[in-house]
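Undergrad: following is a predicted model, sequence given first.
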Amino acid sequence: MVARAARAADLADLDGAVSDCFACPRLVAWREEVARVKRAAFRDQDYWGRPVPGLGPADARIAILGLAPAAHGGNRTGRIFTGDRSGDVLFAALHRAGLANQPTSVSADDGLTLRDTRIFAAVRCAPPDNKPTPAERDTCAPWLHREVELIRPTLRVVVALGAFAWAAWWPVLRQVYGQRPPTPRPVFGHGAHWSGESVPELLGCYHVSQQNTFTGRLTPAMLDDVFTRAKDLAGVD
Ligand code: SF4
């Protein structure tokens, strides 16, 4: 699997290859079980039920790093943050920021396109309870590392959605940029900002989960602030 990720020549190749990954037995069983049983509201739909690739152009200056696909969102539609409440909040914010051509993301063929932005997850398969194990995170890391490597020429800013994504960034520094991560590791928080030498700026943002957005812990205004900052740092108009 590591070798297959490393061999991916471009994003299209990587997206195709990751969709065929079966490296984590627990997650493979779960994604397929969810796709078979389905949620009642989606009973008439064919679930994707496989790893979910990244989304966005190869010359992205901003990357948004999430945790993992949602069982009935990305795992159903085959597109990251698509068809769930988290995506509703995220894409509305990206549209307000001028980084998405439309404010909604409901299916893989709904015409959504991103500008200057690539979205991907630290773990590419939907995990039970949205909680991948450390071993699953490490097994999936080569896909993330190769994806960052492929957009490295233009990438300037990474927005980490939540503490899991924030923590997943440090190995990227070593694997992709050949740099030792800072010690101690900077602490995740909403609005946290870490800068290194010749590496993308790292911004922390609370995850767009319903738990955060329904309770008001993360508001649309807070997301707007993060993406305004990300655009400034990345030099995106
Ligand atoms: S989580 Fe990642 S490594 Fe594990 S099966 Fe899915 S794509 Fe493969």
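TA: Cool, the structure landed. Residues are numbered from 1 along each chain as shown.
Undergrad: from here on, just use CA atoms for contacts and neighbour counts.
TA: Noted.
Undergrad: so what's the residue of the chain found nearest the ligand up against?
TA: Residue nearest to the ligand within the chain: residue 140 (3.6 Å; CA to the nearest ligand atom). By CA atoms under 8 Å, 6 or more residues apart in numbering, residue 140 lies in contact with 122, 123, 124.
Undergrad: my read is it is in a strand, agree?
TA: No - assigned with DSSP: H, G, I helix; E, B strand; the rest coil, residue 140 falls outside any strand and is helix.
Undergrad: quick one: it from residue 179, how far?
TA: From residue 140 over to residue 179 the distance is 20 Å, taken as CA to CA, to the nearest Å.
Undergrad: cool, and residue 115?
TA: Note on residue 115: its distance to residue 179, by CA to CA, is 28 Å.
Undergrad: and the helices in the chain?
TA: Assigned by DSSP state H, the helices in the chain fall at 2-7, 11-18, 25-37, 74-77, 85-96, 134-151, 163-177, 210-213, 220-234.
Undergrad: contacts for stretch 180-197 next, please.
TA: 162-163, 166, 170-171, 173-174, 201-206, 226.
Undergrad: ok, now stretch 200-209?
TA: 66, 85-87, 89-90, 155-163, 166, 188-195, 212, 218, 223, 226, 230, 233.
Undergrad: over to stretch 57-65?
TA: 11, 114-122, 150-151, 153-161, 165, 230-231, 234, 236.
Undergrad: distance from that stretch to the middle of the chain?
TA: Relative to its chain's centre, stretch 57-65 lies at 10 Å (CA atoms, centre = their mean, to the nearest Å).
Undergrad: quick check: residues of this protein near the ligand?
TA: Residues of the chain that fall close to the ligand, judged by CA under 6 Å from any ligand atom: 18, 21-24, 28, 51, 123-125, 136, 139-140.
Undergrad: helices or strands next to the worst-scoring helix or strand of the chain on mean pLDDT in the packing?
TA: Among the helical and strand segments of the chain, the one scoring lowest on mean pLDDT, DSSP states H and E is helix 2-7, with a mean of 84. Here helix 2-7 touches helix 11-18, helix 134-151, going by 3 or more CA pairs under 8 Å, 6 or more residues apart in numbering; DSSP states H and E.
Undergrad: got the angle between the last one and helix 11-18?
TA: When you say that, I think you mean helix 134-151. Orientation check (axes from the mean of the first three to the mean of the last three CA atoms, to 10 degrees): helix 134-151 against helix 11-18 gives 160 degrees.
Undergrad: picking up where we left off before, pick the most buried one from the helices of the chain.
TA: helix 74-77 (a mean of 29; mean count of other CA atoms under 10 Å).
Undergrad: quick one: that helix to chain centroid distance?
TA: 14 Å.
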